[in-house]
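Chemist: Fold the following.
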Amino acid sequence: MTTAHVIELESARATGELGVTPAVRDTIRLTRSSETRFAAEVLERAIETGRSIDFSGYSKHDALNARWLEVLAGQSRLRRLAAIQLVMRSPFNVRPLVRVRTARNPKGISLFSRALISRYRRTGSGRDADEARYLLGWLIDNPSPGFAQKCWGYPYPWQDVGFFAPRNFPNRVVTSFVVQSLLDGYEAFAEQGYLDAAAEAVQFLLTAPKTMYEDDQHRCMSYVPDASVNWIVMDVSALSGAAAARLGALTDNDDLVTEGGRLVRYVVSKQTGDGAWYYSEPPSDSHIRHDNYHTGFILDAISQYDRAAGTSEFRVAYDRGIDFYRRRLFESDGAARFMSDQLYPIDIHGCAQGVITFSLQEQYYGTGGDMSARILAWTLANMWDPDSGWFYYQKRRRYRTAIRELRWCQGWMSWALACYLEATTGEES
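Modeler: Here you go, the predicted model:
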């Protein structure tokens, strides 16, 4: 990617603002430096939306944070699923109407903190450092209660197809994301407390119930620490393995790197001949097939493991996987497909994940920048509302869903924009 590179954007400054008028759509070409400034401004506005509400907002599956819905659903799996799906799938934001309570989501806090740390690495901003420390401190002070090690979950009761998680019940996905933000903080600020908290959380990832499969070279862990759960979700072990290996590399602990390798190796062993991964194992356990952002999670985890371990063991699997990701999970214009065989709904998380994954590919392997730029251009043109400063939740065939989900929309796009900026010029001007 060079400074001469240009991209097509359906957005530009119409009257000194970030918005556009219909008359200028499809006509604006921004140079790399102009596009970088634009992305940096959007990043600040996305972070500001979180800052303005003290990083407490709505989340995708939070319907049961309405007390009366939680009581009405009771112990019924079907009623819980129905309540969550009805609120989640509404084309309008019905959460205030049904009295869903806002909350700080640990995964969202980890995403905002990573975005702030990334920007601090580029700019040296003291404000970003202070705000990132504040968010990391909140994570350390607010783990899930009742567990021997630090771990984190969602601040609402959550019924999935394969299990039920009470409010604040931890899971390995959220915990792995928090670990990554703590390790970012340790590397940026050299504060031992972040490393200690991350080490404690990695022990949760590796030891909490339960191991779903293992042999000498492979291991698979459950989504939640519940011995009754028998549901394998493919990205869980990859995310856990990458976090363990990164910690191992930072602390010269070869055992952690080795254990991380077993977890990642299990996931790699399930890659299809096309270079894809199903969401679950066996694939029939979930209606989700080859979807967008879980594929990106796995690719990023594989890459991180190889870097932490100083190996290229999984490079072939990574290259095959990212080729599938590029060809089958994005349109030629940069729109993020929902699944490899399904375009709609185009979800902001898929857009963000594409920017993240291809930006990281550019940063570490020197290729992928054109793809991240294309996805970001499409996203800013189609999923960004400059009047409110919010990203749209989803784009359907005939309309966009302007539901303000803090973690899902703003948290993910803040981290995506930060990754993009760090992988390009590393400058905001």
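Chemist: where does residue 164 fall, phi/psi-wise?
Modeler: Phi and psi for residue 164, reported as degrees, to the nearest 10, are phi -120, psi 130.
Chemist: Tell me who's in contact with it.
Modeler: Contact partners of residue 164, counting by Cβ atoms under 8 Å, 6 or more residues apart in numbering, are 77, 80, 157-158. Glycine gets a C-beta too; all of them are placed from N, C-alpha and C.
Chemist: what's the pLDDT at it?
Modeler: Listed pLDDT for residue 164 reads 94.
Chemist: Tell me what it is bridged to.
Modeler: With DSSP bridges applied, residue 164 shows beta-bridge pairing to residue 159.
Chemist: where does it sit relative to residue 221, distance-wise?
Modeler: Going from residue 164 to residue 221 by Cβ to Cβ, to the nearest Å gives 19 Å.
Chemist: Tabulate the contacts of residue 164 in TSV, adding columns for secondary structure and distance to residue 40.
Modeler: Converted to TSV, the contacts of residue 164 look like this (DSSP: H, G, I helix; E, B strand; the rest coil; distance: Cβ to Cβ, whole Å):
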residue	secondary structure	distance to residue 40
77	helix	45
80	helix	41
157	coil	38
158	strand	35
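Chemist: pull the helix or strand with minimum mean pLDDT from the protein.
Modeler: Lowest on mean pLDDT, DSSP states H and E among the helices and strands of the chain sits strand 6-9, with a mean of 38.
Chemist: Flag the shaky bits of this protein, pLDDT-wise.
Modeler: Applying pLDDT under 70 to the chain flags residues 1-33, 426-429.
Chemist: quick one: which of the contacts of residue 164 is most hemmed in?
Modeler: Ranked by the number of neighbours (other Cβ atoms under 10 Å), the contacts of residue 164 place residue 158 first, at 24 neighbours.
Chemist: which stretches of the stretch 151-300 of the chain form helices?
Modeler: 172-189, 192-207, 234-251, 254-269, 292-309 (DSSP state H, counting those that start in this stretch).
Chemist: Single out the most deeply packed of those.
Modeler: helix 234-251 (a mean of 26; mean count of other Cβ atoms under 10 Å).
Chemist: could you say which helix or strand contains residue 51?
Modeler: Using DSSP states H and E, residue 51 maps to helix 32-52.
Chemist: Tell me the first helix or strand C-terminal of that helix.
Modeler: helix 67-73.
Chemist: what comes into contact with that following helix?
Modeler: Against helix 67-73 from outside (Cβ under 8 Å, 6+ apart): 63-64, 79-80, 82-83, 87, 98-101, 157, 159.
Chemist: sorry, back to before: can I get the contacts of residue 164 in JSON lines including distance to residue 232?
Modeler: Below are the contacts of residue 164 laid out as JSON lines (distance: Cβ to Cβ, whole Å):
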{"residue": "77", "distance to residue 232": "19"}
{"residue": "80", "distance to residue 232": "22"}
{"residue": "157", "distance to residue 232": "23"}
{"residue": "158", "distance to residue 232": "18"}
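Chemist: Among those residues, which one lies nearest to residue 34?
Modeler: Among those, residue 158 lies closest to residue 34 (Cβ to Cβ), at 42.1 Å.
Chemist: roughly how far apart are the nearest residue to residue 167 once chain neighbours are set aside and residue 274?
Modeler: Using Cβ to Cβ, 6 or more residues apart in numbering and skipping the chain neighbours, the partner closest in space to residue 167 is residue 157 (5.0 Å). Computed as Cβ to Cβ, the residue 157 to residue 274 distance reads 37 Å.
Chemist: Which strands and helices lie in contact with the helix or strand where residue 413 lies?
Modeler: Element membership for residue 413 (DSSP H and E) is helix 412-423. Here helix 412-423 touches helix 32-52, helix 106-123, helix 348-365, helix 369-382, going by 3 or more Cβ pairs under 8 Å, 6 or more residues apart in numbering; DSSP states H and E.
Chemist: by how many degrees do that helix and helix 292-309 diverge?
Modeler: Going by axes from the mean of the first three to the mean of the last three Cα atoms, to 10 degrees, helix 412-423 is angled at 40 degrees with respect to helix 292-309.
Chemist: could you dump helix 412-423 to PDB, C-alpha only?
Modeler: Listed next in PDB are the C-alpha coordinates belonging to helix 412-423 (Å, rounded to 0.1, in the frame of the first residue of the first chain):
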ATOM      1  CA  TRP A 412     -15.900  -3.400  16.900                       C
ATOM      2  CA  MET A 413     -15.500  -0.500  14.500                       C
ATOM      3  CA  SER A 414     -13.200   1.400  16.900                       C
ATOM      4  CA  TRP A 415     -10.900  -1.500  17.000                       C
ATOM      5  CA  ALA A 416     -11.200  -2.000  13.300                       C
ATOM      6  CA  LEU A 417     -10.400   1.600  12.500                       C
ATOM      7  CA  ALA A 418      -7.400   1.500  14.900                       C
ATOM      8  CA  CYS A 419      -6.100  -1.600  13.300                       C
ATOM      9  CA  TYR A 420      -6.400  -0.100   9.900                       C
ATOM     10  CA  LEU A 421      -4.600   3.100  10.800                       C
ATOM     11  CA  GLU A 422      -1.800   1.300  12.500                       C
ATOM     12  CA  ALA A 423      -1.300  -0.900   9.500                       C
END
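Chemist: Lovely, talk soon.
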